[in-house]
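Engineer: Make a model of this:
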Amino acid sequence: MRNPAAATLLAALSTLLVTGGTAAWSLGAREVPPASRTSAAATVPQRCGPEPRDAAGWSALFSRLDGDWAGGDAALSVRLGDGRLLWAFGDSFVGDVRPDGSRAPGSTIVRNSVLVTDGTCVAAATPGRATLPARGSTWLWPTSVVRQSADRTGTTVIVFAQRMRTSGSGAWGFARVGAAEVRLRVLAHGGVSVGEVRDLPASDVLWGAASTVSGPTTYIYGTREVRRTWVMGRELLVARAPTGTVADFRTWSYRTASGWSRRAADAVAVVPAEQGVSTTPSVVRSAGRFRLVTKPQEVFDDQVVVMSSETPYGPWRTRTLFSSPSTGTSPTYSPTVVAAGGGTRAVVAVSRTSTSLAVLMRDASASRPAFYDVDLA
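Structural biologist: Down below sits the predicted model:
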């Protein structure tokens with residue numbers, strides 16, 4: 001455990017690592033009054049400036065949002081065929097933010113959200129409610145996004161997600177019960193519609209924890225918790241599929257010790273638990289290499305690192321990018337690469353929250369991503 005201050009999180013946040021959860025404050029939503037209205041910002045024409053190019057620009061854009069989106073974790077992004085960006089978040093605040101940074105009465109939390117940014121203009125896919133559909137007593141937290149196809153009419157996006165349910169009382173009473181894929185169709189310069197939802201086979205591996213497209217092939221990464229003597233962490237596994245059929249797990253092949261197999265049971269770790277990865281790391285392909293951005297021990301780690309390889313399965317070369325320590329009440333976790341740039345110069349978003357709902361109501365910035373400029377080379 002690299003960060004002594006974060007040691008106080010161990011008892012409560014071990015549940016977060018076991019389940020693959022991403023939001024420390026999810027069940028606190030029950031204590032917030034339901035939203036009484038939808039922000040008028042969604043209906044007022046906006047004059048869009050150029051898309052942010054650095055961490056300061058993205059931070060400024062997201063720090064001023066309220067109404068239909070006023071905070072959230074995960075911060076997954078993918079470039080659409082029409083040039084816009086689609087963003088998927090986990091637990092997300094909805095409601096106005098006062099000038100002093102506190103949340104106005106009527107604020108609430110939805111289990112997930114999808115935004116589309118067009119330069120500096122931002123639109124919520126489903127204002128005031130979750131975009132990825134719930135089923136029964138379960139809900140979906142997005143873990144990665146893939147652009148499957150694009151043409152002049154729009155873009156098809158596959159969102160991988162973990163299926164969650166309530167497992168007890170209190171802020172940590174949730175558990176992962178599966179994983180799913182959700183198909184989104186984004187009309188060219190238009191809105192988002194939700195298509196088929198398909199559950200993945202039951203597994204102790206969180207498949208879809210990360211994904212990246214390389215030519216006609218999509219690589220789908222899975223993370224699995226390991227607990228044994230002197231080891232507590234998550235290992236990384238990888239599968240591949242034709243991008244056109246990535247939503248059909250029957251077309252996946254899994255990396256083994258010597259090649260690829262159509263049997264998920266044959267998959268082996270390409271990053272061991274001793275080294276560790278985030279519950280939902282971020283993988284991109286740039287400058288001819290695969291770049292994996294992660295906090296190796298998630299909230300217990302001070303450092304965000306990049307692991308690079310010529311292949312999607314290693315061997316990996318690891319380098320520290322920047323420091324993002326957690327504290328006893330303010331965990332930081334699950335760094336993601338913003339899909340805005342190209343090459344090795346990039347922006348990384350780190351999720352953050354508070355274990356206190358009172359803090360999240362008093363300070364809206366506590367639940368917004370922190371952005372960093374990095375060089376992934």
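
Engineer: Quick check on S367: phi, psi?
Structural biologist: For S367, the backbone dihedrals (degrees, to the nearest 10) come out as phi -110, psi 10.

Engineer: Might one say that it is in contact with S356?
Structural biologist: No: applying Cβ atoms under 8 Å, one finds S367 not in contact with S356, separated by 11.3 Å. Every residue, glycine included, has its C-beta placed from N, CA and C.

Engineer: What is the neighbour count of D199?
Structural biologist: 15 (other Cβ atoms under 10 Å).

Engineer: before we move on, which element is the spatially closest residue to it that is not a sequence neighbour in?
Structural biologist: Nearest residue to D199, sequence neighbours excluded (Cβ to Cβ, 6 or more residues apart in numbering): A180, at 4.9 Å. Assessed by DSSP states H and E, A180 sits inside strand 174-187.

Engineer: so the residue nearest to D199 makes contact with T138?
Structural biologist: No: in this structure A180 lies outside contact range of T138 using Cβ under 8 Å: 9.3 Å.

Engineer: S367 and S356: which has the busier surroundings?
Structural biologist: A count of neighbours by other Cβ under 10 Å puts S367 above the other of S367 and S356, at 26 against 17.

Engineer: need the contact list for that one.
Structural biologist: Neighbour list for S367: 25, 71-73, 93, 352-354, 360 [criterion: Cβ atoms under 8 Å, 6 or more residues apart in numbering].

Engineer: Let's see the distance spanning stretch 276-291 from one end to the other.
Structural biologist: Stretch 276-291 has an end-to-end distance of 15 Å (Cα to Cα, to the nearest Å).

Engineer: Turn the contacts of S367 into a markdown table, including pLDDT, secondary structure and neighbour count.
Structural biologist: Shown next, in a markdown table, are those (pLDDT from 0 to 100; DSSP: H, G, I helix; E, B strand; the rest coil; neighbours: other Cβ atoms under 10 Å):
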| residue | pLDDT | secondary structure | neighbour count |
| --- | --- | --- | --- |
| W25 | 44 | coil | 23 |
| G71 | 98 | coil | 30 |
| G72 | 98 | strand | 27 |
| D73 | 96 | coil | 29 |
| F93 | 98 | strand | 27 |
| R352 | 96 | strand | 22 |
| T353 | 94 | coil | 26 |
| S354 | 94 | coil | 20 |
| L360 | 96 | helix | 24 |
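
Engineer: Pick the one among the residues you listed closest to R185.
Structural biologist: G72 (22.1 Å; Cβ to Cβ).

Engineer: Distance check, that closest one against A180.
Structural biologist: To A180, G72 is 19 Å away according to Cβ to Cβ, to the nearest Å.

Engineer: do the same with A55
Structural biologist: Taking Cβ to Cβ as the measure, A55 falls 31 Å from A180.

Engineer: related to what we said a few turns ago, which of A180 and T138 has more residues huddled nearby?
Structural biologist: A180 (21 against 17).

Engineer: how about the more buried one, what does it touch?
Structural biologist: So A180 contacts 140, 160-163, 197-200 (Cβ under 8 Å, 6+ apart).

Engineer: looking at these, which has the most residues close by?
Structural biologist: Within those, neighbour counts (other Cβ under 10 Å) peak at F160, which reaches 29 neighbours.

Engineer: Now that it has come up, it's in contact with D199, right?
Structural biologist: No: because the distance of 11.4 Å does not satisfy Cβ under 8 Å, F160 is recorded as not touching D199.

Engineer: circling back to that earlier point, show me whatever sits in contact with both of A180 and T138.
Structural biologist: R163.

Engineer: Could you count how many residues lie near the nearest residue to R98 once chain neighbours are set aside?
Structural biologist: Closest residue in space to R98, ignoring its immediate chain neighbours: A104 at 5.6 Å, by Cβ to Cβ, 6+ apart. When counting by other Cβ under 10 Å, one arrives at 15 neighbours for A104.

Engineer: For V337, see how far away A104 is.
Structural biologist: Where V337 is concerned, A104 sits at a distance of 33 Å (Cβ to Cβ).

Engineer: hey, C-alpha coordinates of stretch 337-357 in PDB?
Structural biologist: The C-alpha coordinates for stretch 337-357 follow below in PDB (Å, rounded to 0.1, in the frame of the first residue of the first chain):
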ATOM      1  CA  VAL A 337      -7.800   8.900 -21.600                       C
ATOM      2  CA  VAL A 338      -9.900  11.600 -23.200                       C
ATOM      3  CA  ALA A 339     -10.600  10.600 -26.900                       C
ATOM      4  CA  ALA A 340     -10.100  14.200 -28.100                       C
ATOM      5  CA  GLY A 341      -6.500  14.100 -29.200                       C
ATOM      6  CA  GLY A 342      -4.100  12.000 -31.300                       C
ATOM      7  CA  GLY A 343      -0.600  10.800 -31.000                       C
ATOM      8  CA  THR A 344       1.000  10.500 -27.600                       C
ATOM      9  CA  ARG A 345       0.000  13.900 -26.300                       C
ATOM     10  CA  ALA A 346      -3.200  13.300 -24.400                       C
ATOM     11  CA  VAL A 347      -5.500  14.400 -21.500                       C
ATOM     12  CA  VAL A 348      -6.300  12.000 -18.700                       C
ATOM     13  CA  ALA A 349      -9.400  12.300 -16.500                       C
ATOM     14  CA  VAL A 350      -9.300  10.900 -13.000                       C
ATOM     15  CA  SER A 351     -12.600  10.100 -11.200                       C
ATOM     16  CA  ARG A 352     -13.000  11.500  -7.700                       C
ATOM     17  CA  THR A 353     -15.600  11.700  -5.100                       C
ATOM     18  CA  SER A 354     -16.200  12.000  -1.300                       C
ATOM     19  CA  THR A 355     -17.300   9.400   1.200                       C
ATOM     20  CA  SER A 356     -19.500  12.200   2.700                       C
ATOM     21  CA  LEU A 357     -22.800  13.100   0.900                       C
END
